[in-house]
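Visitor: Provide a 3D model corresponding to the input given below.
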Amino acid sequence: MLKYLIQVVQNALPGAILVSLLWALLYSPGGEASARSGRGLGRLFWGTVLGTAAALMLSILRGTTRLINREYVNTAILSLAIPVAIVFIATLPGREKPRRARILNWAGSALVALVLFYTLPTVFLYIREFVPPGASPFSTEVLFKISGYLAGFVVVIIPVLALFQAGKILPRLAGIVLAAALAVNVVQQLSVIVQFLLARRIIKVPRWVFRILVEVINHNVIFLYMLMGLSLILPLALFIKNRRIAGTWRNPAEHRKLRARKRSLQRRSAAAVLGYLVAVFTLTTVKAYSEKAVVLSPAEPISIQGDEIIIPIEKIADGHLHRYNYTAGENIEMRFIVIRKNEASYGVGLDACDICGPTGYYERKDGVVCRLCDVVMNTSTIGFKGGCNPVPLAYTMRAGNMVIQMADLEAERLRFK
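Guide: Numbers count the residues shown, from 1 in each chain. As a prediction, the model looks like this:
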């Protein structure tokens, strides 16, 4: 339950913040969405629908076929989103002009679609993991997983709805906050693209740039905290603005109405703050507790000969999960796992995956389970890309031994940095 709560909050909240700010700015009175008889609002609506539909379709394809390479798709989406975000930021000044307003709305609608297209597939894919193969969908375990998943959406939706309301009331401040939030997001997106290009050896960068990139990757959650901190300016400003009743009233009824509005706006501001506090608590305390719930089995010894790691077959032929440590360059401690799948093949991969990172896997009954999201792996798929499977690691068989090239481990060491 807790693991799905954490994953939904961590993956959905950044995109939800950006989408709510975009909607607030473009939907606010006087904005292009309102000023053109619903045409701008229609574009914004269809951007949301198309982004969500595309994300759903991508998640289905990723979950049912091997036609989709997640890294290539995400890099393509981000490569489109960055120039659109730059156009949007550049158009914000003077957005009251009709021409700029139209450009702003088109760019904003495209951004909404791209943000949803990038964010939601991973969140949608968790649904496929609720019921393990061969298990009953009517079980306590499945109920807990669904409960955690839905609770994650509640944690995300409450503050972003309050943020949307605050942005509509304070459109000028919303524009400033949104520009800063998009700038932060562009930096994060650039780091993802550069990481992809480096991993494919398409580009080379100076060592100091590489070190910065490593720090950015290792502390990726900081970008989420930055988005939360920036967007929190809006509800706080709304709360301060409504500490006292502004204007005059002609009778007690008008006075009561103004007081009720003030309390309503203050409650919305409080909801945003409280929602963010719950999100931070989830991503820190709850995540730490969840990750400590299972202790990984100790690593077994390995034999290194030249540039190769040698593992005798008789040591791994029992059908159980075997874990190994390897010290890569820069003294980075890596882990990889090996499990016998059948008489002819083995599942070999890093003790990490593309979705959950290097949190590790462990045995539970007859299955291999991700320690972070509690997904039970189909043992026959270990060694292949996709979902929460371990990152595949190549191997060969030679003279009764499994042979793994150290260079293959070195190429993936940043995952454990």
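Visitor: Any regions of the stretch 151-300 of the chain where pLDDT drops low?
Guide: Applying pLDDT under 70 to the stretch 151-300 of the chain flags the ranges 199, 245-248, 293.
Visitor: need the helices for it, in chain order.
Guide: With helices called from DSSP state H, counting those that start in this stretch, the stretch 151-300 of the chain shows them at 171-199, 207-218, 221-231, 233-241, 252-281, 287-292.
Visitor: could I get the ones you listed as CSV with mean neighbour count and distance to Ile146?
Guide: Every residue, glycine included, has its C-beta placed from N, CA and C. CSV is the format used below for the helices of the stretch 151-300 of the chain (neighbours: other C-beta atoms under 10 Å; distance: least, C-beta to C-beta, whole Å):
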stretch, mean neighbour count, distance to Ile146
helix 171-199, 18, 30
helix 207-218, 13, 31
helix 221-231, 18, 24
helix 233-241, 19, 30
helix 252-281, 15, 19
helix 287-292, 14, 17
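Visitor: closest one to Phe416 among those helices?
Guide: Relative to Phe416, the nearest member of those by C-beta to C-beta is helix 207-218, separated by 9.8 Å.
Visitor: Return that closest one as PDB; C-alpha atoms alone will do.
Guide: In PDB, the C-alpha atoms belonging to helix 207-218 read as follows (Å, rounded to 0.1, in the frame of the first residue of the first chain):
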ATOM      1  CA  ARG A 207      34.300  16.000 -16.600                       C
ATOM      2  CA  TRP A 208      32.900  18.900 -14.500                       C
ATOM      3  CA  VAL A 209      29.600  18.800 -16.500                       C
ATOM      4  CA  PHE A 210      29.500  15.000 -15.900                       C
ATOM      5  CA  ARG A 211      29.900  15.600 -12.100                       C
ATOM      6  CA  ILE A 212      27.100  18.100 -12.100                       C
ATOM      7  CA  LEU A 213      24.900  15.700 -14.100                       C
ATOM      8  CA  VAL A 214      25.600  12.900 -11.500                       C
ATOM      9  CA  GLU A 215      24.500  15.200  -8.700                       C
ATOM     10  CA  VAL A 216      21.400  16.200 -10.500                       C
ATOM     11  CA  ILE A 217      20.400  12.600 -11.100                       C
ATOM     12  CA  ASN A 218      21.200  11.500  -7.600                       C
END
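Visitor: For Ile404, which of the helices of the stretch 151-300 of the chain is the nearest?
Guide: When the helices of the stretch 151-300 of the chain are compared by C-beta to C-beta, helix 171-199 sits nearest Ile404, at 18.8 Å.
Visitor: what's that closest one packed up against?
Guide: The elements that helix 171-199 packs onto, with contact taken as 3 or more C-beta pairs under 8 Å, 6 or more residues apart in numbering; DSSP states H and E, are helix 2-27, helix 70-91, helix 140-169, helix 207-218, helix 221-231, helix 233-241.
Visitor: okay if I get the helices of the stretch 151-300 of the chain as a markdown table plus distance to Ser109?
Guide: Compiled in a markdown table, those are given as follows (distance: least, C-beta to C-beta, whole Å):
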| stretch | distance to Ser109 |
| --- | --- |
| helix 171-199 | 14 |
| helix 207-218 | 29 |
| helix 221-231 | 20 |
| helix 233-241 | 21 |
| helix 252-281 | 24 |
| helix 287-292 | 34 |
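Visitor: Indicate which one of the ones you listed is closest to Ser139.
Guide: helix 287-292 (20.2 Å).
Visitor: so how far is whichever helix or strand comes after that closest one off the chain centroid?
Guide: For helix 287-292, the succeeding helix or strand toward the C-terminus, using DSSP states H and E, is strand 303-305. Relative to its parent chain, strand 303-305 has a centroid offset of 38 Å by C-alpha atoms, centre = their mean, to the nearest Å.
Visitor: mind listing what strand 303-305 pairs with, with the direction of each?
Guide: Sheet pairing of strand 303-305 (DSSP bridges) gives strand 308-312 (antiparallel).
Visitor: Pull the residues that contact the strand it pairs with.
Guide: 302-304, 322, 324, 326, 338, 400-406, 409 (C-beta atoms under 8 Å, 6 or more residues apart in numbering).
Visitor: The next helix or strand after it packs against which elements?
Guide: Read in the C-terminal direction, the helix or strand following strand 308-312 is strand 322-328, with elements assigned using DSSP H and E. The contact analysis (3+ C-beta pairs under 8 Å, 6+ apart) places strand 322-328 against strand 308-312, strand 332-340, helix 406-410.
Visitor: Let's see that with 7 Å instead.
Guide: With contacts defined as 3 or more C-beta pairs under 7 Å, 6 or more residues apart in numbering; DSSP states H and E, the secondary structure elements packing on strand 322-328 are strand 332-340, helix 406-410.
Visitor: Just the buried residues of it, please?
Guide: Across strand 322-328, burial judged by 16 or more other C-beta atoms under 10 Å covers His322, Arg323, Tyr324, Tyr326, Ala328.
Visitor: Find the residue ranges of the stretch 301-417 of the chain scoring beneath the pLDDT cut-off.
Guide: By pLDDT under 70, the weakly predicted segments of the stretch 301-417 of the chain are 373, 387.
Visitor: Format the helices and strands packed on helix 171-199 as TSV; extra columns: distance to Val186.
Guide: Below are these laid out as TSV (distance: least, C-beta to C-beta, whole Å):
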stretch	distance to Val186
helix 2-27	11
helix 70-91	5
helix 140-169	20
helix 207-218	13
helix 221-231	10
helix 233-241	19
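Visitor: Deepest in the core, which of these is it.
Guide: With neighbours taken as mean count of other C-beta atoms under 10 Å, the helices and strands packed on helix 171-199 reach their highest mean count in helix 2-27, at a mean of 24.
Visitor: how far does that one sit from the chain's center?
Guide: Between the mean C-alpha point of helix 2-27 and the mean C-alpha point of its chain there is a distance of 9 Å (C-alpha atoms, centre = their mean).
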